[in-house]
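A.B. asks: What follows is a predicted structure for the sequence shown.
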Amino acid sequence: MNNPSAPEGGRANAGNFFEDFRLGQEIHHATPRTITAGDVAVYNGIFGARFAVQSSDPFARAIGYPHAPVDDLLIFHVVFGKTVPDISLNAVANLGYAECRFLKAVYPGDTLNAVSEVIGLKENSNRKTGIVYVRSRGFNQDGAAVLDYVRWVMVRKRDENAPAPTEKVPSTPKSVDAGALGAACPLIKISNYDVALAGSPHRFDAYAVGEKIDHVDGITVEEAEHQIATRLYQNPARIHFNNFAESKGRFGRRLIYGGHVISLARALSFNGLGNAFHIAAINGGRHVAPLFAGGTVFAWSEVLARSEVPGRADVGALRLRTVATKDRPCADFPYKTGEDYDPAVILDLDYWVLLPR
Amino acid sequence: MNNPSAPEGGRANAGNFFEDFRLGQEIHHATPRTITAGDVAVYNGIFGARFAVQSSDPFARAIGYPHAPVDDLLIFHVVFGKTVPDISLNAVANLGYAECRFLKAVYPGDTLNAVSEVIGLKENSNRKTGIVYVRSRGFNQDGAAVLDYVRWVMVRKRDENAPAPTEKVPSTPKSVDAGALGAACPLIKISNYDVALAGSPHRFDAYAVGEKIDHVDGITVEEAEHQIATRLYQNPARIHFNNFAESKGRFGRRLIYGGHVISLARALSFNGLGNAFHIAAINGGRHVAPLFAGGTVFAWSEVLARSEVPGRADVGALRLRTVATKDRPCADFPYKTGEDYDPAVILDLDYWVLLPR
Amino acid sequence: MNNPSAPEGGRANAGNFFEDFRLGQEIHHATPRTITAGDVAVYNGIFGARFAVQSSDPFARAIGYPHAPVDDLLIFHVVFGKTVPDISLNAVANLGYAECRFLKAVYPGDTLNAVSEVIGLKENSNRKTGIVYVRSRGFNQDGAAVLDYVRWVMVRKRDENAPAPTEKVPSTPKSVDAGALGAACPLIKISNYDVALAGSPHRFDAYAVGEKIDHVDGITVEEAEHQIATRLYQNPARIHFNNFAESKGRFGRRLIYGGHVISLARALSFNGLGNAFHIAAINGGRHVAPLFAGGTVFAWSEVLARSEVPGRADVGALRLRTVATKDRPCADFPYKTGEDYDPAVILDLDYWVLLPR
């Protein structure tokens, strides 16, 4: 075909394949994004979270924020979305997250950018794919880091015969250190923290390690909802939007972005964790099974650990495991039988939240 | 099950049951909510109202507002949503509204809180349920009341043997007094009110008591739409979101929030009532039949009364009955046969609107 | 029926019929609309465009905008939507556009109004319909024109016996002159235009006439999505919203607003045209076939012409044909066989975009 000036492979972004990544490589991602009150509203309409700090400027100001901060997970999704065209457009599977820290509060009007560094590479024995480990960072308009996380993903090779890179598998901590948990949270004036307005009487001290909390409610997801949310983040992963292709693909339909389930579980967790106003870190997460439109998501949480935040008397940290299920209420806390997940489990998330003391 | 520290009944909000309410009890509801231009945009996308005052800052300023106010019903839904976790989480049926007055305009940036007072209690003869009457008030960040309404709802008892409270049934007026209608509406510079821009030549004086208006258009509702709207209001009523449970429930599917129908009827009413720029009061409303996704909503209105607003020459008030139907155009104004509603009717709303004179 | 005070034909807007239009008639459309960051967010959630200029205030400022401008097509849809109640409520078909020029950037906070002038009339030989040609203009709150386009539409007659008007068919240029292309684009500081952040290395000079670009991705459209978008524009065309009526109509279902396809194609075109940050003009467009919910939209583009913008060294203009298809990937650039469009083609759009040099 006569196609003047078109570069080899076409103009469109074909994404990186496994052999395109180099250890130590730094990738500056498109597209910078100013987060507005409009983005917050669309996010609220999709997930319906009810945490007072993110919902009310006066509430946020009373306790020490300049005004209501942007939901932590909206920040995560926007930064994550930016990495997709460069990191995971040719991914077979998103394998895991680790050491995700929220480093600075984000407010409407702030602009997010993202940069990833390749910190590990490991070709698979089939030589068709390999695992890419990246540390991705989100920055605001002043260049201050707002988010930092490690992610690893299985990526196709373009050419099976491309040589394997030197193998390096980075080590990541099982859990983010408590000393790193308060960075995005200003000093909270806890005497101004109104638990009635917040919707829950339970402060940090009320929770004990081992407690399990059923979040009770269920939310059914519609195609339009997850598409709108995922586009809001400018995440162009094809599997979420193209039913023509996916109807012939692995699942026979569009797959819902895994982060959608995290946000649903977080919104559900308000019922039982209403004062857990800030996600300080994500230790790890596993998308155990896919979610499709029409499924109803439930969730429960277990308190894995409690920690003081060094140097701070205002807030304490709970390490939670939040488990989300599909079409399965969680009154009996479904999780694993031996090594095997309950077939209803779709998300196993390990993270730290802050609560007022 | 060993569940350390968990309070009896769990951490999650189980809502109040009939015997938990006390006459005179005052309930401060969570979650405070700053209304933003983003909320307004999501609301507009869901309902598509075209009233000029709420749509255009310059139009609003020209006639006497500081800038475009937030849609009256968005205020209502947000305040109503806050009351749900405390008042109606265990409701069997939402029985009625009365004496709903809009008391102060709300603008993007304002923050809404809600407080309810229990003003009536009446156990039902089956001893399984009772009727709770509350006066709910919405306040802005300065503590000024923006909305005030009475609602009664049938609530389950936790324990059938719990003793019945002293019965009190409050009396409410059939219609809000005309003297209370202008509170949320600044003095309108009617010479600046441009009926061409507003989209209708018909001012207050054009309408006569008894006139019926077919609003012509129909809007089909999708699951994603009512879920997004209802979550935007942070209304957590389970019946709207959980298809897993509702598919086995009374209707076999998710029920659309009754307020959604009110907003649809209001948006439709622009066609025929384009200058009815402000809902000043709701005298009463009945959700005659449920609405489900896929249904197409039509509406018509009748002018029940006309009134001057005491002390004001700028605006006049029309008392309207707006009837919404499901899958039934309204050219012949379907309503009742004797005492029985036409089977297509889903909403019977009695309210006051203001129009320029 | 006794219906006091109701005007003949009812209060509701019945729209104009062919015989209601007069050559030279000027129509001031309702409803003025302040565009907010909320509208931008809803639009982004529906379409997911990733052009950096519209996405990031700092990016926009760095290159010469005061801050991020509103997406060109959102402006178009809002202005277009205002014309619908007066021009095309009784339309049989939307026949074409020409000479659409974006004249001034629009920013959140600006308010749009629309005025149309009837510039041509031609009754059809069947005497049942006629073609109305209008030049529609969008203005901001200062009265400055932001958009100007010609549209022709086939409109029903109310009365077949109404006399035919003097026939006048205006001539419009095949393509907007290059001299008119830069009006809405400030002088770009191209040294500050960061192609890595923008997501594409290809500037104006990289593209040659005749090049074809497959935009690769597909987007499946849901009913809720097109309804929310079209209501956001306050476009009340009935065929998009009323499934009760449309299920018995020509297509048996709701038709998606043609402009929705244009916005989808524009969002898809980012992949291959990431630096085409501004639509400067639309030369013409044809909605070749209807789109319905559930369809997956793909797109490809051909560079029809390249042009300098007179007096400007910062940007160059590409004239593009973007073709959108339904359920048909575009790797082989489906278009026409002879005079006949490929059956998968739904949009044939001819327009000018600006890219940095």
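C.D. replies: Structure received.
A.B. asks: Tell me which stretches of chain A form strands.
C.D. replies: A:26-34, A:91-102, A:111-123, A:129-139, A:145-156, A:212-214, A:219-220, A:278-287, A:296-309, A:312-326, A:336-337, A:340-341, A:345-356 (DSSP state E).
A.B. asks: Just send these back as JSON lines, with mean pLDDT and mean neighbour count too.
C.D. replies: Yep, even glycine has a C-beta here, placed from its N, CA and C like the rest. Listed next are the strands of chain A as JSON lines, based on pLDDT from 0 to 100; neighbours: other CB atoms under 10 Å in any protein chain shown:
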{"stretch": "strand A:26-34", "mean pLDDT": "98", "mean neighbour count": "21"}
{"stretch": "strand A:91-102", "mean pLDDT": "92", "mean neighbour count": "21"}
{"stretch": "strand A:111-123", "mean pLDDT": "98", "mean neighbour count": "21"}
{"stretch": "strand A:129-139", "mean pLDDT": "98", "mean neighbour count": "23"}
{"stretch": "strand A:145-156", "mean pLDDT": "97", "mean neighbour count": "22"}
{"stretch": "strand A:212-214", "mean pLDDT": "97", "mean neighbour count": "23"}
{"stretch": "strand A:219-220", "mean pLDDT": "98", "mean neighbour count": "24"}
{"stretch": "strand A:278-287", "mean pLDDT": "96", "mean neighbour count": "23"}
{"stretch": "strand A:296-309", "mean pLDDT": "98", "mean neighbour count": "22"}
{"stretch": "strand A:312-326", "mean pLDDT": "98", "mean neighbour count": "22"}
{"stretch": "strand A:336-337", "mean pLDDT": "94", "mean neighbour count": "10"}
{"stretch": "strand A:340-341", "mean pLDDT": "98", "mean neighbour count": "13"}
{"stretch": "strand A:345-356", "mean pLDDT": "98", "mean neighbour count": "24"}
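A.B. asks: and the ones you listed as a markdown table, adding distance to chain B?
C.D. replies: Formatted as a markdown table, these follow (distance: least, CB to the nearest CB, whole Å):
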| stretch | distance to chain B |
| --- | --- |
| strand A:26-34 | 13 |
| strand A:91-102 | 21 |
| strand A:111-123 | 17 |
| strand A:129-139 | 21 |
| strand A:145-156 | 20 |
| strand A:212-214 | 5 |
| strand A:219-220 | 4 |
| strand A:278-287 | 15 |
| strand A:296-309 | 4 |
| strand A:312-326 | 9 |
| strand A:336-337 | 16 |
| strand A:340-341 | 19 |
| strand A:345-356 | 12 |
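A.B. asks: nearest to A:P186, of these?
C.D. replies: strand A:312-326 (9.1 Å; CB to CB).
A.B. asks: thinking again about what came up before, so which of the strands of chain A is nearest C:A299?
C.D. replies: Among those, the nearest to C:A299 by CB to CB is strand A:26-34 (18.8 Å).
A.B. asks: do you know how far A:V42 is from chain B?
C.D. replies: 6 Å (CB to the nearest CB, to the nearest Å).
A.B. asks: what do you get for A:V40?
C.D. replies: Remark: distance between A:V40 and chain B (CB to the nearest CB) = 6 Å.
A.B. asks: ok, that residue touching A:P108?
C.D. replies: Yes. If you go by CB atoms under 8 Å, A:V40 and A:P108 touch, sitting 6.2 Å apart.
A.B. asks: Between those two, which contacts overlap?
C.D. replies: Common contact partners of A:V40 and A:P108 (CB atoms under 8 Å, 6 or more residues apart in numbering or on different chains): A:V70.
A.B. asks: which other residues reach stretch A:247-264?
C.D. replies: For stretch A:247-264, using CB under 8 Å, 6+ apart, the contacting residues are A:43, A:46-47, A:49, A:73, A:76-77, A:80, A:94, A:219, A:221, A:223, A:226-227, A:229-230, A:233, A:235, A:237, A:239-243, A:246, A:285, A:287, A:290-293, A:297, A:299, A:324, A:346-347, A:349, C:220.
A.B. asks: Make a PyMOL selection of the buried ones in the residues you listed.
C.D. replies: In PyMOL, this line selects whichever of these come out buried by 16 or more other CB atoms under 10 Å in any protein chain shown:
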select buried, (chain A and resi 43+46+47+49+73+76+77+80+94+219+221+223+226+227+229+230+233+235+237+239+240+241+242+243+246+285+287+290+291+292+293+297+299+324+346+347+349) or (chain C and resi 220)
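A.B. asks: closest one to A:I188 among the strands of chain A?
C.D. replies: Of all these, strand A:312-326 comes closest under CB to CB, at 4.1 Å.
A.B. asks: Please give the centre-to-centre distance between that closest one and its chain.
C.D. replies: Counting by CA atoms, centre = their mean, to the nearest Å, strand A:312-326 is centred 15 Å from the centre of its parent chain.
A.B. asks: Same question for stretch A:329-342.
C.D. replies: Centre-to-centre, stretch A:329-342 and its host chain are 22 Å apart (CA atoms, centre = their mean).
A.B. asks: How about stretch A:82-94?
C.D. replies: The answer for stretch A:82-94 is 14 Å, by CA atoms, centre = their mean.
A.B. asks: Can you dump the C-alpha atoms of it in PDB for me?
C.D. replies: C-alpha atoms of stretch A:82-94 as PDB (Å, rounded to 0.1, in the frame of the first residue of the first chain):
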ATOM      1  CA  LYS A  82      -0.700   7.300  32.300                       C
ATOM      2  CA  THR A  83       1.600   4.300  32.500                       C
ATOM      3  CA  VAL A  84      -0.600   2.000  30.400                       C
ATOM      4  CA  PRO A  85       0.300   3.200  26.900                       C
ATOM      5  CA  ASP A  86       4.000   2.700  27.600                       C
ATOM      6  CA  ILE A  87       4.100  -0.200  30.100                       C
ATOM      7  CA  SER A  88       1.100  -2.500  29.600                       C
ATOM      8  CA  LEU A  89      -0.400  -2.000  26.200                       C
ATOM      9  CA  ASN A  90       0.900  -5.400  25.300                       C
ATOM     10  CA  ALA A  91       0.500  -7.000  28.700                       C
ATOM     11  CA  VAL A  92      -0.900 -10.500  29.100                       C
ATOM     12  CA  ALA A  93      -1.500 -10.000  32.800                       C
ATOM     13  CA  ASN A  94      -1.100  -7.500  35.500                       C
END
